[in-house]
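[1] Could you work out the structure for the sequence below:
(chains A and B)
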Amino acid sequence: MLISIIIAVAAAAFAYTAGWLSPQRLTPAKMVEAFAPPDAVSLGHRRNHAKGICFTGIFDSNGAGAALSKAEIFTRGQYPALGRFNLGTPDANAPDATVRVRGIGLQISSPDGQEWRTAMIDAPFFPVATPQGFYDLLLASGSKDPHAMETFAGVHPEIAAFGGWAKSAPWTGSYAEERYNGLNAFIFTDNSGAEHAVRWSLLPSAEPVPVAPEDLAKRGPDFLEQEITERVKSGPQRWTMNVTVANPDDPTADPSKAWPEDRHTVEVGALVVQQIEAERDGPCREINFDPTVLPTGIRTSDDPFPAARSAAYAKSYNLRSAEAKDYPRTATGTKP
Amino acid sequence: MIDIRHRFTPLQRLLHWLMAACILTMLFIGVGLESTVMPKHLTLVSIHKSLGITILVLALIRLAVRLRYGSPPLPADLPEPMRLAALLSHYALYILMIGMPLIGWAMLSAAAYPVVIYGRMFLPAILPQSDSLHTLLWGAHFYLAFAFFALVLLHVAAALFHALVRRDGVFETMAPVPPPEERAPAE
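    You can find the predicted model right below:
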């Protein structure tokens, strides 16, 4: 009798830890399932930012970042970079002109064997303040209730700023003309051990040319991929990487709040995109751009999003890697 | 005189109880990290990796010690099915103690994740990047974890059965402290 009680208590504690007794707990699986109804999932693809194209190139570090972080990547020099231009949609076949948010996934490797992975978007701030808020946003935007978004905005008023950006920010005709923002705050540790709360951005060298979305729609469903492929063929594309350092009172835990423009900003180098490859057989396909894969010298801050993204991205990776047969490579073992 | 040992060696007992704590913690962390997107997810993942490699090292040491020192004999009157269950469950425990950390490490390698332990040590990949291997290993890691937990519960139930019902001295072979009658100096 005593034995069965002990075993039952242990099993119950296990079930509680696993979340089986707490259906309200926001699990990585729930977060990932909220992106699209089951029949609208693009099997074999990322559960969000599903449409994308791979690139390779270098991160050309100018050495200025070494004052903020001891990561080897900020020592002056060139480091291999690999990444993915993408669209913020769960639909891998979405026409390019229909997707408001564009993004970039980036992995920079240093000779010490460490990696820095980051995934950024073109919006200047995140739509919501918390991961739970983001989950609620996904539910509201997928809801059949016509008042769902209104109700959501009542609880999460910060969404208004994002709505304003989505309506007013100009569209461009190229991934190369976008500025990509890290949005989440991280902590850089320099050689003296001092810590700096930072956010980072990639600023395009290409001049952004505004194009009306109705005109973009006429360019075909995949114009962004075609355009970046052609553009990079004719010459490498550069983005300057800026690291912005927070003032002591700036909010680090809330990516829906941009820091004021006058904050100390350090240009640490440039991303140079040298080659474009289709995702299907490309080098970015297997990479999970988990923003918590960080070198020594960069760590997460009190911003709750990198953890939530890491958990959800891993879930998405597990799902899509198990669905590889639904997104077959064109070359399996042999070159096409 | 040839002495049939009634207890595991102190090193074996130390390893057993240390690993018992590590493995239970590990199993709870494993299901816990899969259950949340909150910042503790990252803490749990990082402990999970470090503790997993620690368990792997301890399990290899333990296996070597076990091969060197063996184990006290089971009571002669233990029914054959229980004897067989004891034998098989201990094989399974050793396989899981060594196999689970290796599967976890291989699974991360197959997904091209860097494997960082103790906050600073970067372990090499033990497999190339592969969708199919990752899927296989992830499934194995996931389902074997539940099998492992079930086996641990069975092990605890059996230990308590020996200690409280059969009172046959089997529990005392691994008990952290000797039973009272053996504490007196003996010749």
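
[2] Do a quick rundown of the helices in the stretch 151-300 of chain A.
    A:159-168, A:213-217, A:223-234 (DSSP state H, counting those that start in this stretch).

[3] Rebuild the ones you listed as CSV, extending it with distance to A:Thr118.
    Every C-beta, even on glycine, is put in place using the N, C-alpha and C of the backbone. Formatted as CSV, the helices of the stretch 151-300 of chain A follow (distance: least, C-beta to C-beta, whole Å):
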stretch, distance to A:Thr118
helix A:159-168, 20
helix A:213-217, 27
helix A:223-234, 19
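
[4] Of these, which is nearest chain B?
    helix A:159-168 (19.4 Å; C-beta to the nearest C-beta).

[5] where are the low-confidence patches of chain A?
    Applying pLDDT under 70 to chain A flags residues A:331-336.

[6] Repeat that for chain B.
    Those would be B:1-4, B:179-187, if you go by pLDDT under 70 across chain B.

[7] Select, out of the helices of the stretch 151-300 of chain A, the one closest to A:Asp281.
    Ranking these by their distance to A:Asp281 (criterion: C-beta to C-beta) puts helix A:223-234 first, at 14.1 Å.

[8] that older thread, can you tell me which of the helices of the stretch 151-300 of chain A is most buried?
    Sort the helices of the stretch 151-300 of chain A by mean neighbour count, taking mean count of other C-beta atoms under 10 Å in any protein chain shown, and helix A:223-234 sits at the top with a mean of 16.

[9] Which strands and helices lie in contact with that helix?
    Counting contacts by 3 or more C-beta pairs under 8 Å, 6 or more residues apart in numbering or on different chains; DSSP states H and E, helix A:223-234 packs against strand A:51-61, strand A:77-87, strand A:265-277.

[10] Could you give the number of residues near the closest residue in space to A:Thr27 that isn't next to it in sequence?
    The shortest distance from A:Thr27 to any non-neighbouring residue, by C-beta to C-beta, 6 or more residues apart in numbering or on different chains, is to B:Ser35 (5.4 Å). Close neighbours of B:Ser35, defined as other C-beta atoms under 10 Å in any protein chain shown, add up to 23.

[11] who touches the spatially most central residue of chain A in this structure?
    In chain A, the centroid-proximal residue (C-alpha atoms, centre = their mean) is A:Ala119; its distance is 3.0 Å. Residues near A:Ala119 by C-beta atoms under 8 Å, 6 or more residues apart in numbering or on different chains: A:His49, A:Gly103, A:Ile104, A:Gly105, A:Leu106, A:Phe289, A:Pro291, A:Arg309.

[12] now A:Leu202
    Counting by C-beta under 8 Å, 6+ apart, A:Leu202 has contacts A:Ile104, A:Leu106, A:Met120, A:Arg179, A:Tyr180, A:Asn181, A:Trp239, A:Thr240, A:Met241, A:Asn242, A:Leu271.

[13] now do A:Asp122
    Neighbours of A:Asp122 in contact, by C-beta under 8 Å, 6+ apart: A:Val101, A:Arg102, A:Gly103, A:Ala169, A:Glu178, A:Arg179, A:Tyr180, A:Asn181.
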